[in-house]
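Undergrad: this is a predicted model, with the sequence first.
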Amino acid sequence: PVEALDARVVGRFAWPTEIQLDASLNPGNSGGPVLNSVGEVVGIVRAGIEGTGLNFAIPVRYLNSFLAKAAILFDPPLLTAANASTLQDFAVTLLEIGKPEPGVRVELALSSGNADHRAIAMTAADNRHFHVKAVAIPVQGPITLRLSFQSRDSEVVCHVEDQVVRISGERIKLSQIQRIEQNGSATVTLLDGRRLNGNVVGLESVPTRIAGQSVHLNLNQMAEVTVAADTLSPAVIAYKITVTSAGRQPQTISGSISVGDPPVTGVHPSAPNVGQPAGSPGNRVVRLPGTVDDVAAGAGGRYLILQMKKLHKLAIFDVSRREIVKYLSIDSDNFVFGASADKLLVLLPDRKLIQRWSLKNFELELTVPGLADGRTNMPAIGYSSNGPAVFQCGQKTVFLDLATLQPIKAQEQNRSQMAYFGTQYRAGAQSGTFGSWYDGLTPTDLISLTFDGSTAQYRETFDSVGYVVPNADGSLLLTGKGFFTPDLRGVDTEKFDHIHCVPVYGGGFFLGIRESGGKAQVSVYSASERRLLFTLPIFEEISVPGGGLYEWPRLGMTFEKGWHFYPSYRLMITIPDSRDQLVLRDIDVVETLAHEGIDYLFVASTPPAGFQRGSRYEYQIEVKAKRQPALMKLESGPTGMTLASNGLLVWNVPAEYAGKEETVLVTIKDSTGQSIFHTFKIASR
């Protein structure tokens, strides 16, 4: 028993390496103290075995040695072929319990091979944050470049020394250029992904040798010039960090820094091959210049916006063009963001500023002060809506008007006091219904929020379901544990209890993801009948976390943010575990069903969820059937609703209509007599 571990009698037996506690503890008690019968601390809660009531603690004797060590956090720069031989900032942070040790010294050792071994002292003013500017790969001798180019009648490969050229007045080294294309005016693609347009000065007479003869080439006359390093740079740089001080033993960490490929703003196409795992010929990869820390959709789902904190950037990926079309620089490394139908919202907590950017011209439109003290979570905004944005700032939930960037006064009903510990919000395409969960408590809970512009209605149930994300019209909440309605009733509970459900862009379908050998087994379902359509091969690039759903990441890149399916574009985008690239797959639902020989009949459209009194409600039902024609019949609906033979559902809602909700039932049959029901509810707005 723990009571036996009294400090006064501890000398009578060998000190244990771990204490077993035969008592149930909430997972939130990790790190808490274990007391003996006289109130002395004898251990620190460490872990437990789920479902057994057994928990374990670290004996306090080992605590001092643990606390005496500093955690060394190394923040290396993003290295590419373009910057590895220029000065880069290397940063080390020491995390310690209590007051920092005086006289701490930190040394950074770098090695790129070939007898290159350097030790550099890092400096800091506060004994916690250390920096030094250094070159990862020193330049040894003149840089030689390999040029391949073609004119109208020839193609040549030659070697030249690096030199400076001017592009529209900007000085650029030839070694910083990836490709030059001449078509009237020049388009120059740099290694950092930028594209410059205009006249190129300095390439009119480039000296080189061809077949042993010295010649001068006018590269401005070439249709295309490709630039590459003549010798390969090291793929990785080895590092070692040593921390010393008078009061403790030296500490070291070591490892390597990858020298990444130049960022690619387009994709590398290959023959489409539905659902093939990463690395197969059927995938296309968009490499990114940094690690993705978070992601949000905007412009009706057309843009996928990627946050790269280390680079202080937001990358705008255009799904329709399948390439990054813009990088936005954000003057902070502590920012969160969200997007609507035409706006990008950026919150800067450290400066207490709110910014609004245009998703049409990517210009900064408005900056206002207004953030309170405390942590600011990522704003939830419907990607096809005009707002509002909903997020937690400090201990309050903020409802923000995107037009004015001012808070909306909302009457909150049934908001739990537990929300003060941290709350995440998610939106679908619209901003009337939000999913939510706690990021600082266990269980994480399942929370829905409906907002009508003035009243915020919360509903909550005590369970851990992972993420909570509304579907396109807000009629359902998709979670890591199946479906729920906004009033938290389970839908097909047994069928989807162990399936992680993820919405798609445009509705009509959803993804169901199961764990298979630690990797993701992905199936596509029809949204209206929740019917399994087909299952794709294993997605090797994404792991499915194990353990209880309360153990999953609750902040930033939560599990559902790695999956982006666009049926209308016939495109699946995944963000792999490495988070340094996008993996693109061509997936056409109907073609896949036909290829697999599946006799399909399903509804591919999503009905508008709301109606207004005195207005016209329209819904074009889209049916996919292998055996045409598909015949539709309105079986049940409000008085006056009609269904045309082409699937157009119409209801002229009376101005004096007093009801709040209607249920619509449509039967659909194909030419063989196979039938399905299309049932949905519409509510007064």
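TA: That came through, no problem.
Undergrad: so where's the stretch 501-650 of the chain uncertain?
TA: Applying pLDDT under 70 to the stretch 501-650 of the chain picks out residues 507, 546-552.
Undergrad: all helices for it, in order.
TA: Under the criterion DSSP state H, counting those that start in this stretch, the stretch 501-650 of the chain carries helices at the ranges 589-595.
Undergrad: where do the strands sit along it?
TA: 509-516, 519-526, 531-535, 539-543, 563-566, 571-574, 581-586, 601-603, 610-611, 616-620, 623-625, 631-636, 642-643, 648-652 (DSSP state E, counting those that start in this stretch).
Undergrad: wait, which of those strands is closest to residue 420?
TA: strand 563-566 (31.0 Å; Cβ to Cβ). Glycine gets a C-beta too; all of them are placed from N, C-alpha and C.
Undergrad: can you name every helix or strand that the closest one contacts?
TA: strand 509-516, strand 571-574 (3 or more Cβ pairs under 8 Å, 6 or more residues apart in numbering; DSSP states H and E).
Undergrad: just checking, what packs against the first one?
TA: Under the contact criterion of 3+ Cβ pairs under 8 Å, 6+ apart, the helices and strands touching strand 509-516 comprise strand 500-503, strand 519-526, strand 563-566.
Undergrad: quick one: strands adjacent to it?
TA: Strand 509-516 pairs in its sheet with strand 500-503 (antiparallel), strand 519-526 (antiparallel), by DSSP bridges.
Undergrad: and for the shortest one?
TA: According to DSSP bridges, strand 571-574 forms sheet pairs with strand 563-566 (antiparallel), strand 581-586 (antiparallel).
Undergrad: please compute how far it lies from its chain's middle.
TA: Offset of strand 571-574 from its chain centre (Cα atoms, centre = their mean, to the nearest Å): 13 Å.
Undergrad: what sits up against that strand?
TA: Residues outside strand 571-574 that contact it (Cβ atoms under 8 Å, 6 or more residues apart in numbering) are 275, 304, 319, 322, 539, 541-542, 562-566, 582-587.
Undergrad: go again with 7 Å.
TA: For strand 571-574, contacts defined as Cβ atoms under 7 Å, 6 or more residues apart in numbering pick out 304, 319, 539, 541-542, 562-565, 582-587.
Undergrad: report the beta-bridge partner residues of residue 427.
TA: Beta-bridge pairing of residue 427 under DSSP bridges involves residue 434.
Undergrad: what's the burial count for it?
TA: Neighbours of residue 427 under the rule other Cβ atoms under 10 Å: 29.
Undergrad: go on, residue 138?
TA: 13.
Undergrad: now residue 83
TA: Neighbour tally, residue 83, other Cβ under 10 Å: 18.
Undergrad: can you check the one 4 residues further on too?
TA: By other Cβ under 10 Å, 11 other residues sit near residue 87.
Undergrad: tell me how far it lies from residue 77.
TA: Relative to residue 77, residue 87 is positioned 10 Å away (criterion: Cβ to Cβ, to the nearest Å).
Undergrad: can you read off the pLDDT for residue 6?
TA: Looking at residue 6, its pLDDT reads 44.
Undergrad: for residue 350, same thing?
TA: Per-residue pLDDT puts residue 350 at 90.
Undergrad: do the same with residue 368
TA: 95.
Undergrad: how long is stretch 96-107 from one end to the other?
TA: End-to-end distance for stretch 96-107, by Cα to Cα, to the nearest Å: 18 Å.
Undergrad: likewise for stretch 348-363?
TA: End-to-end distance of stretch 348-363 (Cα to Cα): 17 Å.
Undergrad: same question, stretch 306-313
TA: Rule used - Cα to Cα; the end-to-end distance of stretch 306-313 is 8 Å.
Undergrad: returning to that earlier point: as JSON lines, the helices and strands packed on strand 509-516 with mean neighbour count would be great.
TA: Shown next, in JSON lines, are those (neighbours: other Cβ atoms under 10 Å):
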{"stretch": "strand 500-503", "mean neighbour count": "25"}
{"stretch": "strand 519-526", "mean neighbour count": "20"}
{"stretch": "strand 563-566", "mean neighbour count": "21"}
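Undergrad: would you turn those strands into a markdown table with distance to residue 309?
TA: A markdown table is the format used below for the helices and strands packed on strand 509-516 (distance: least, Cβ to Cβ, whole Å):
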| stretch | distance to residue 309 |
| --- | --- |
| strand 500-503 | 24 |
| strand 519-526 | 25 |
| strand 563-566 | 20 |
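Undergrad: nearest to residue 330, out of the ones you listed?
TA: strand 563-566 (21.9 Å).
Undergrad: so residue 319 touches residue 299, yeah?
TA: No: taking contacts as Cβ atoms under 7 Å, residue 319 lies outside contact range of residue 299: 9.2 Å.
Undergrad: narrow the contacts of strand 571-574 to those that are buried.
TA: Listed as buried from the contacts of strand 571-574 are 304, 319, 539, 541-542, 562-565, 582-587; burial here means 16 or more other Cβ atoms under 10 Å.
Undergrad: what is the neighbour count of the nearest residue to residue 669 once chain neighbours are set aside?
TA: Spatial nearest neighbour of residue 669, excluding adjacent residues (Cβ to Cβ, 6 or more residues apart in numbering): residue 675 at 4.4 Å. When neighbours are counted by other Cβ under 10 Å, residue 675 registers 13.
Undergrad: output the contacting helices and strands for the strand or helix carrying residue 131.
TA: Taking DSSP states H and E as the criterion, residue 131 maps to strand 129-135. Counting contacts by 3 or more Cβ pairs under 7 Å, 6 or more residues apart in numbering; DSSP states H and E, strand 129-135 is packed against strand 87-95, strand 105-113, strand 116-122.
Undergrad: quick one on the thing from earlier: out of the buried ones among the contacts of strand 571-574, the closest to residue 312 would be?
TA: residue 304 (18.9 Å).
Undergrad: leaving out the residues flanking it, which one is nearest to the closest one?
TA: residue 317 (4.3 Å).
Undergrad: and residue 21, how many neighbours?
TA: For residue 21, the count of nearby residues is 18 (other Cβ under 10 Å).
Undergrad: for residue 369, find the nearest of the helices and strands packed on strand 509-516.
TA: strand 563-566 (33.8 Å).
Undergrad: buried ones in stretch 158-174?
TA: So, applying 16+ other Cβ under 10 Å, buried residues of stretch 158-174: 158, 160, 162, 165, 167, 172, 174.
Undergrad: first vs last residue of it, how far apart are they?
TA: 14 Å.
Undergrad: quick one: the helices in this protein?
TA: 63-67, 493-496, 589-595 (DSSP state H).
Undergrad: who are the contact partners of residue 440?
TA: 421-422.
Undergrad: what distance do you get for it to residue 422?
TA: From residue 440 to residue 422 the distance is 4 Å (Cβ to Cβ).
Undergrad: show me the two of the buried residues of stretch 158-174 that sit farthest apart.
TA: 158 and 167 (21.1 Å).
Undergrad: could I get the contacting residues of the spatially closest residue to residue 483 that is not a sequence neighbour?
TA: Excluding its sequence neighbours, the residue lying closest to residue 483 (Cβ to Cβ, 6+ apart) is residue 491, at 3.9 Å. Neighbour list for residue 491: 476, 483-485 [criterion: Cβ under 7 Å, 6+ apart].
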